[in-house]
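Colleague: Curious how this folds, go ahead:
(2 chains)
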Amino acid sequence: MITDARRQELERLVGPGRVQERRVAPDSLEAVVAVVRWAAASRVRLQPGGGGDAASLGLDLAALRRQRFYDPADLTLGCDAGVSASEVLGWLAAEQQFLPLDVGDPARSLGAILGGHRSGPLRHYFGTVRDATIGIECVTADGSIVHGGGRVVKNVAGYDLMKLFIGSRGSLGVITGVNLKVAPWPRDTESVRLRLADLAAAERVRHWVLHTPLRFLCCELRGPGDPWEVWLRFAGSPRVRGRYRAEIAAAFCSEPLDEAVWNATPGPASGSGLAVSLPPAAATRVLAALPAAAIASVAGRLGLGVYEIQTRSGLSDAEIGAWRAPIAAAQGFLTVRDARPMASGLRFGAPGNDSELMRGIKHEMDPMQIFPDPWGAYEERRT
Amino acid sequence: MAPPVSTDELRAQLARELGPERVLSDAVGRMLYEYDGGVDRALPDLVVFPQSRDEVVAVMRLTAAANVPLVARGAGTGLSGGALARTGGVVLSLNRMRRVLEVDVENGRAVVEPGVVNLEFSQSIAASGFYFAPDPSSQKACTIGGNVAENSGGPHTLAYGVTVNHVTGLEVVLADGRVMQCGAKALDAPGLDLTGAFVGSEGTLGVATAITLRLTRVPEAARTLLAIFDRVEDAAHTVSAITASGVTPAALEMLDGFSLRAVEAATHAGYPLDAAAVLLIELEGLHEEVDDAAVAVETICLRTARRVRVAREAAERALLWKGRKEAFGAMGRISPNYYVMDGVIPRTRIAEILRRIETISAAFGLRIGNIFHAGDGNLHPLVFYDARVAGEAERALQASQEIIRACVAVGGSISGEHGIGMEKDCLMPLIFTPSDLAFMQRLRRVFDPGGRLNPEKLLPSHSCRETAGGNAAGLAMPRAGN
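Modeller: Modelled structure (predicted):
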């Protein structure tokens, strides 16, 4: 991807052995700044955290893995963005604490977790990484080091740059550092499984969960199948958990669920990965309207209306349009997660009128287009 | 270039759009909009009262054409000068836009106009078993639009988060009159999180005209404890001990001895007059959870507390909270003027910073009380002064800034919930580098290229050049080894 001359230039900036054909791996914040400035001057596109491809150079942050501070009594932690989730969890485990979010693959770096903004079962109680992040450090397209937030758990000074960068998929800069709220691991968790005849039954569970005073850690819909299943997880003393069991038993037939299910990672998938979010009360009705035979799996936060759907085979552009129609009609969103090249409009759906401002922000912050353009900010120029 | 529009001409244009009765131009009337809950003053040239989104658009277009500053305002209860027309111009008073547009309990959402009053809204949906969780002390009067602008908090944000955690979508009128929709009832709208970025932008990015709220289930049980300490340090250390124990109270407030005596005299809340400090702790959840948490919290408190009093009934609980919620107002009995500061520190540094505040109090010869959200390290030192005494107001300001610098020195921030406004724009360089501030300025320009919306707020203004300067980078985001 890069010429020998450029490779030598880069090696002078980041040190020998830190440049490969499609990847550069700086080992300091200053080296990241140097790489970004070099990329802007050289008109080379960067893929933060990624491996690079024919069109871009991967900017690997795995060497940025220092803990910056950890204050267990304040429940706060700061570290480089290249640190893996498993490493962070290791630090926290020594204090019986954890990251209050689903990290997915524990080998993923914090930078990747922030950039992607995926969620998992714990979102029902703890929210997402947007809720856990209290400070962020990024290198922007002009090589500036930019901070937002700080290291305290409550802070309204300045614009909330965490919200802007988290989920931005590397489009506005490279996330190099992060400060997080951590949490004591809930003691004594327990889970149950509800087997449901259909999605209408799942909707009755959702309604019950919304109105019950019980506060579940997780409330997952899993399927499709005969039956569909809802997994409920809760925590507390034996007396508290007894109350949960009694309330659930009074409303539904349930059976114990092995806690190990929460640590299971999904196997390789061959179809399309779809992220679907809907107003929670509309979700099961819309899911029921999707082509059941094409769905390999559904996993989602029943109480929140946020779902991951894996299809049995890759969807065509026309099929994506057909899937999106009932979701959009219910004021929901469908995003295609697989890497098949497609126009951003197809991948993310019909843009709302806020996309104009998103394009404006992208143009302002990355005029040389050195970072990814997942939202198609420059698409109209290329086509 | 269009010739400048005179104030009279703009008044006439606005009156044609809204009707003359909804354009305020007389000096006495405008003086009501010269202040908020803080200490700053700024007189607007005009005040207008739109009643709909379309009227906001019309005002926005007219003021844009005239290139006149526009400052959105809710109830004016803010404490940082955020709703003041610092450079003159038009104040857009939104408190006549107070319709609840939709309550959608099944989706846990409601859509409201910006002038809806925080507490009135929660009371209006009480029968549903849900409420809007942010509860600033001013919640009887403050508007949800103001909460969005300031990203307001309150005592119960310890467990439930600040306003941004309870807003899922916005309709925003931009500086040029365009109407933007961001977010929705559904979560995870594709693209950048503009809803999250807009909340807390203090009226500098646009005017929210419809707000989609996330509703919170009213807890089954709540219990209030009052832990009474003979030493301030013991109360401070108890805060971090509770935090680290795994119990998350719904609220964890602290009042020092001086403050609680003043509050008791005014509210008769039942606070002990001889204590050095008290912690007001609220636990919420299932009855069984609250029982467990109360035992755990009481055990932690009694390691150093003289006594822990548990409110026996709802009336006693309400009285304890009345004291806290009306605490700032009670201070008017003991001093003609006081300055409410807002700073944040790591919760493990509370004892240290309270000692530092004592030193500052002595050095400036001013009494300083402390009533604050201890559970999230959000301090509210009250600096008492008499504006009639020459130089005392200036000393109060200097003492307050010294406290903020002390907060920053231990890794804290200059605002936890009151916002930056015109009160602290010059202090922003204490926690943000020039690069940070330049990035924020560029973001602002994308929304409002002319810098016409709430100018000279949030980011350092021209008047700050003499006082700017800080060593921000290592404080906001410490590097390894710092």
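
Colleague: any idea which element whatever residue of chain A ends up closest to chain B lies in?
Modeller: The shortest separation between chain A and chain B is 2.9 Å, found at A:K163 (distances taken as Cβ to the nearest Cβ). In short, each C-beta sits where N, CA and C put it, glycine included. Element membership for A:K163 (DSSP states H and E) is helix A:161-165.

Colleague: List the contacts of that helix.
Modeller: Residues external to helix A:161-165 that are found in contact with it (Cβ atoms under 8 Å, 6 or more residues apart in numbering or on different chains): A:114-115, A:130, A:133-136, A:138, A:146-149, A:172-173, A:175, A:361, B:164, B:192-193, B:195-197, B:199, B:439-440, B:443.

Colleague: rewinding a little: give the contact list for the spatially closest residue to the residue of chain A closest to chain B that is not a sequence neighbour.
Modeller: Excluding the flanking residues, the one nearest A:K163 by Cβ to Cβ, 6 or more residues apart in numbering or on different chains is B:G196, at 2.9 Å. Contact analysis of B:G196 by Cβ under 8 Å, 6+ apart lists A:130, A:160, A:162-164, B:164.

Colleague: Same check on B:V207?
Modeller: Taking Cβ under 8 Å, 6+ apart as the definition of contact, the neighbours of B:V207 are B:56, B:60, B:70, B:72, B:92, B:94, B:114, B:172-173, B:453.

Colleague: out of these, who's nearest chain A?
Modeller: Relative to chain A, the closest of these is B:V172; by Cβ to the nearest Cβ it sits at 8.6 Å.

Colleague: Quick check: mean pLDDT of the host helix or strand of the closest one?
Modeller: Per DSSP H and E, B:V172 falls inside strand B:167-173. When pLDDT is averaged over strand B:167-173, the result is 98.

Colleague: secondary structure class for residue 210?
Modeller: Assuming you mean chain A. Three states are possible here, and by DSSP: H, G, I helix; E, B strand; the rest coil the one that applies to A:L210 is helix.

Colleague: ah, I was thinking of chain B
Modeller: strand.

Colleague: List the residue ranges of the chain that fall below the pLDDT cut-off.
Modeller: Because you didn't say which chain, this covers chain A. Along chain A, the parts satisfying pLDDT under 70 run over A:1, A:339, A:380-383.

Colleague: Oops, wrong one, chain B.
Modeller: Using pLDDT under 70 as the threshold, the predicted model of chain B has low-confidence ranges B:1-3, B:465-482.

Colleague: Would you map out the domains in it?
Modeller: Structural domains annotated on chain B: B:7-93, B:100-217, B:221-329, B:335-476, as defined by automatic domain parsing.

Colleague: hey, which of those domains is tucked in deepest?
Modeller: The densest packing among the domains of chain B, expressed as mean neighbour count by mean count of other Cβ atoms under 10 Å in any protein chain shown, is seen in domain B:100-217 with a mean of 23.

Colleague: Can you get me the start-to-end distance on that one?
Modeller: Taking Cα to Cα, to the nearest Å, the span from the opening residue of domain B:100-217 to its closing residue is 18 Å.

Colleague: Kindly report the same for stretch B:298-305.
Modeller: Here the two ends of stretch B:298-305 are set 9 Å apart, with distance taken as Cα to Cα.

Colleague: Repeat that for stretch A:135-146.
Modeller: Comparing the first residue of stretch A:135-146 with its last one, the separation is 11 Å (Cα to Cα).

Colleague: quick one on the thing from earlier: of all the domains of chain B, which lies closest to A:R347?
Modeller: domain B:100-217 (8.5 Å; Cβ to Cβ).

Colleague: what about the closest one, distance to the chain center?
Modeller: Domain B:100-217 has its average C-alpha position 14 Å from the chain's average C-alpha position, going by Cα atoms, centre = their mean, to the nearest Å.

Colleague: can you pick the most crowded of the contacts of B:G196?
Modeller: The most neighbours of any of the contacts of B:G196, using other Cβ atoms under 10 Å in any protein chain shown, belong to A:M162, which has 27 neighbours.

Colleague: From A:Q67, how far out is that one?
Modeller: Shown here: A:M162 relative to A:Q67, a distance of 19 Å by Cβ to Cβ, to the nearest Å.

Colleague: any idea what sits nearest A:A292, other than its immediate chain neighbours?
Modeller: Of all residues beyond its chain neighbours, the one nearest A:A292 is A:P224 (5.9 Å), with distances taken as Cβ to Cβ, 6+ apart.

Colleague: Kindly provide the distance from that neighbour to A:A289.
Modeller: A:P224 is 13 Å from A:A289, where distance means Cβ to Cβ.

Colleague: neighbour-wise, which of the two wins?
Modeller: Ranked by neighbour count (other Cβ under 10 Å), A:P224 and A:A289 place A:P224 first, with 20 against 15.

Colleague: Residues touching the longest helix along chain B, excluding its own?
Modeller: Selection of the longest helix in chain B by residue count, based on DSSP state H, yields helix B:392-409. The contact list for helix B:392-409, computed with Cβ under 8 Å, 6+ apart, reads B:39, B:337, B:339, B:341, B:343-345, B:353, B:356-357, B:360-361, B:363-366, B:368, B:379, B:381, B:383-387, B:413-414, B:424, B:427, B:430-431, B:470, B:475.
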